[in-house]
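J.: When you get a sec, could you give me coordinates for this:
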Amino acid sequence: MKGESESHELLRISHRRARKAGTLREQKREGGKMKEKQVKLPGPDHPISIERNPARVVVSVAGRIPVDDVDFSQLEPTEHFTYCPYKGDCNYYSVPAGGRKSVNAVWSYEDPFPAVAQIRGHVAFYPERVDEIAEQFPT
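T.: Down below sits the predicted model:
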């Protein structure tokens with residue numbers, strides 16, 4: 001769909017701007033000097049995996065889910081960012097229809113570290129920031 005690809009392109013542009021803004025925030029926080037970020041490898045004490053769910057997962061407003069299954073027209077990129085030494089820089093989205101409780105309800109590692117490359121192309125939702133996360137098994 002043309003509208004959908006335009007939406008994804010806008011998200012890519014927003015992510016580039018957001019990453020740049022995050023880098024500038026880090027430089028300011030460190031007095032203008034770049035701080036080296038720690039990188040850790042997942043292991044038994046901190047496993048990171050993507051597993052296929054046999055059910056259809058439905059998230060409703062007012063876990064990780066492939067981005068192709070997410071209606072990005074219902075999400076709004078935010079300026080909130082975090083860093084995980086196992087996965088890398090994390091971007092966040094809000095769900096405007098959910099109001100205040102759904103701010104930064106969705107997150108994604110768009111450029112994860114090579115050790116966890118399988119999480120690229122997936123998003124996750126905070127259960128307490130959406131109305132419901134349900135599995136629908138085929139009948």
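
J.: Strands of this protein, residue ranges please.
T.: 56-60, 64-66, 76-84, 88-94, 106-108, 122-125, 132-136 (DSSP state E).

J.: can you tell me which of those strands the model trusts least?
T.: Out of the strands of the chain, strand 64-66 stands lowest, with a mean of 63 (criterion: mean pLDDT).

J.: still on that earlier bit, now render the strands of the chain as TSV, adding mean neighbour count and distance to residue 36.
T.: C-betas here are computed from N, CA, C, even on glycine. Putting the strands of the chain into TSV (neighbours: other C-beta atoms under 10 Å; distance: least, C-beta to C-beta, whole Å) gives the following:
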stretch	mean neighbour count	distance to residue 36
strand 56-60	14	36
strand 64-66	17	28
strand 76-84	16	12
strand 88-94	21	14
strand 106-108	23	23
strand 122-125	20	27
strand 132-136	11	37
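
J.: can you tell which of those is closest to residue 46?
T.: Closest to residue 46 of the strands of the chain is strand 76-84 (C-beta to C-beta; 9.7 Å).
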